[in-house]
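>>> any chance you can model this:
(one chain, ligands or ions: 2)
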Amino acid sequence: MENKPYISVLIPVLNEEESLPELQERLYRTMEGIGEPYEIIYINDGSIDSTPALLEDYHNRFPCVKVIEFNRNYGQHMALFAGFERALGEVVITIDADLQNPPEEIPKLVAKMREGYEVVATFRKARKDSLFRKIPSLIVNKITARLVGVKLRDYGCMLRAYRRNIVDYMNMCPESSSFIPALANTFAKRIVEVEVEHEERTKGTSKYSLFKLLRLNFDLMTNFSLLPIQFIGVIGIIVALLGLAFAVLLFVRRLVVGPEVEGTFTLFAILFFFIGAQIFSLGIIGEYIGRIYQEVRRRPRFIIKRELM
Ligand code: UDP
Ligand code: MG
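Numbering: from 1, shown residues only. Ligands and ions are numbered 1, 2, ... in the order given. Modelled structure (predicted):
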């Protein structure tokens with residue numbers, strides 16, 4: 001295994017002790033089957049179960065297994081960035097550790113890469129997640145496709161392949177928050193989407209809480225365009241015009257019918273709507289300012305506690 005790997009497989013791991021043994025087993029078999037030199041890089045994103053011990057064991061038993069260990073949890077996308085910085089392969093594959101994406105699909109991606117594509121994206125055939133996850137996902141995919149200008153069906157599926165040049169470009173983007181599939185698409189010219197199987201998560205639980213999912217979607221929206229903030233500007237103009245029209249209406253009414261008293265509550269309702277819209281706008285502006293703050297602070301994006309290479 002001394003030759004330079006042709007394929008690098010990157011796996012972000014947060015408390016996946018239950019799926020890891022089967023994953024390593026199936027991945028090893030699949031990768032050996034491809035017959036190209038490869039490396040498997042696990043990025044331990046601050047696990048507090050027996051994940052670190054398992055990974056160390058794989059590193060000792062399999063020469064192709066490398067491990068990057070964060071000092072704490074920085075999130076799946078930061079883990080992948082750390083992996084991109086270390087990956088040596090011409091083809092870099094990302095895959096989840098929870099076996100929802102079967103590792104057996106990897107050869108399909110590698111074959112597509114051989115046709116010369118720069119990014120091989122995937123969409124999940126019969127995605128096995130709750131409706132609570134699938135419906136927002138549908139909306140986010142539509143918006144992302146518009147923002148990034150590349151129409152893909154499934155931005156959320158993290159089983160993907162990237163060519164060396166794209167990984168190099170991504171390594172030049174030291175953003176403190178990002179969404180990798182969208183970032184890659186801003187650099188790639190030849191992108192293809194293939195269908196992959198998707199399994200229910202049978203081991204362990206999802207590492208994305210509602211809050212974390214929301215954060216991820218905000219990363220996606222605000223990192224890739226100014227559209228949200230421009231959208232707010234337009235809303236502001238419309239709201240102001242409506243308010244003006246409403247004032248004129250009330251004034252005319254006062255002249256014709258006399259002052260209104262019973263209408264007070266309608267006014268309250270309308271007022272609340274406007275207040276809501278204002279707060280929402282402030283929130284969005286805050287998102288951008290927060291991100292600017294994060295960038296100018298120039299803190300390291302993640303801290304690597306130890307590496308087994
Ligand atoms: N993950 C991670 N850090 C996090 C959250 C998730 O490394 O902060 C990993 C997790 O171990 C898994 C992958 O990212 O390998 C996808 O997470 P999960 O399956 O929980 O997400 P879901 O399928 O529910 O979207
Ligand atoms: Mg999953």
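
>>> which residue ranges of the chain form strands?
Counting by DSSP state E, the segments of the chain that form strands are 7-13, 38-44, 65-70, 91-94, 119-124, 160-163, 191-196, 304-308.

>>> which strands and helices sit next to the second one?
This points to strand 38-44. strand 7-13, helix 20-34, helix 51-61, strand 65-70, helix 76-86 (3 or more CB pairs under 8 Å, 6 or more residues apart in numbering; DSSP states H and E). In this view, the C-beta of every residue, glycine as well, is placed from N, C-alpha and C.

>>> for the longest one, list the C-alpha coordinates in PDB.
The C-alpha trace of helix 20-34 is given here as PDB (Å, rounded to 0.1, in the frame of the first residue of the first chain):
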ATOM      1  CA  LEU A  20     -18.600   1.400  12.500                       C
ATOM      2  CA  PRO A  21     -17.700  -2.400  12.600                       C
ATOM      3  CA  GLU A  22     -20.100  -3.200   9.800                       C
ATOM      4  CA  LEU A  23     -19.100  -0.100   7.900                       C
ATOM      5  CA  GLN A  24     -15.400  -0.900   8.000                       C
ATOM      6  CA  GLU A  25     -16.000  -4.500   7.000                       C
ATOM      7  CA  ARG A  26     -18.200  -3.600   4.000                       C
ATOM      8  CA  LEU A  27     -16.000  -0.700   3.000                       C
ATOM      9  CA  TYR A  28     -12.900  -2.800   3.100                       C
ATOM     10  CA  ARG A  29     -14.400  -5.500   1.000                       C
ATOM     11  CA  THR A  30     -15.700  -2.900  -1.600                       C
ATOM     12  CA  MET A  31     -12.500  -1.000  -1.800                       C
ATOM     13  CA  GLU A  32     -10.400  -4.200  -2.200                       C
ATOM     14  CA  GLY A  33     -12.800  -5.200  -5.000                       C
ATOM     15  CA  ILE A  34     -12.100  -2.000  -7.000                       C
END
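
>>> packing partners of it?
Partner elements for helix 20-34 (3+ CB pairs under 8 Å, 6+ apart): strand 7-13, strand 38-44, helix 51-61, helix 106-114.

>>> quick one, phi psi at the residue nearest to the spatial centre of the chain?
In the chain, the centroid-proximal residue (CA atoms, centre = their mean) is Phe179; its distance is 4.1 Å. Reported as degrees, to the nearest 10, the phi and psi values for Phe179 are phi -130, psi 100.

>>> Tyr58 touches Asn44, doesn't it?
No. Here Tyr58 does not reach Asn44: they are 11.4 Å apart, not a contact under CB atoms under 8 Å.

>>> higher neighbour count, the two?
For Tyr58 and Asn44, the more surrounded residue by other CB atoms under 10 Å is Asn44, and the numbers stand at 27 against 21.

>>> which residues does the more buried one contact?
Asn44 sits next to 13-14, 51-52, 55, 67-70 when contact means CB atoms under 8 Å, 6 or more residues apart in numbering.

>>> let me know the pLDDT of it.
Per-residue pLDDT puts Asn44 at 98.

>>> next one: it from ligand 2, what distance?
Going from Asn44 to ligand 2 by CB to the ion, to the nearest Å gives 17 Å.

>>> quick one: contacts for the closest residue in space to that residue that isn't next to it in sequence?
Distances taken as CB to CB, 6 or more residues apart in numbering put Glu69 closest to Asn44, at 4.6 Å, once the chain neighbours are dropped. The contact partners of Glu69, by CB under 8 Å, 6+ apart, come to 43-44, 52, 55, 304-308.

>>> in the sheet, who's paired with Glu69?
Beta-bridge partners for Glu69, by DSSP bridges, are Asn44, Arg306.
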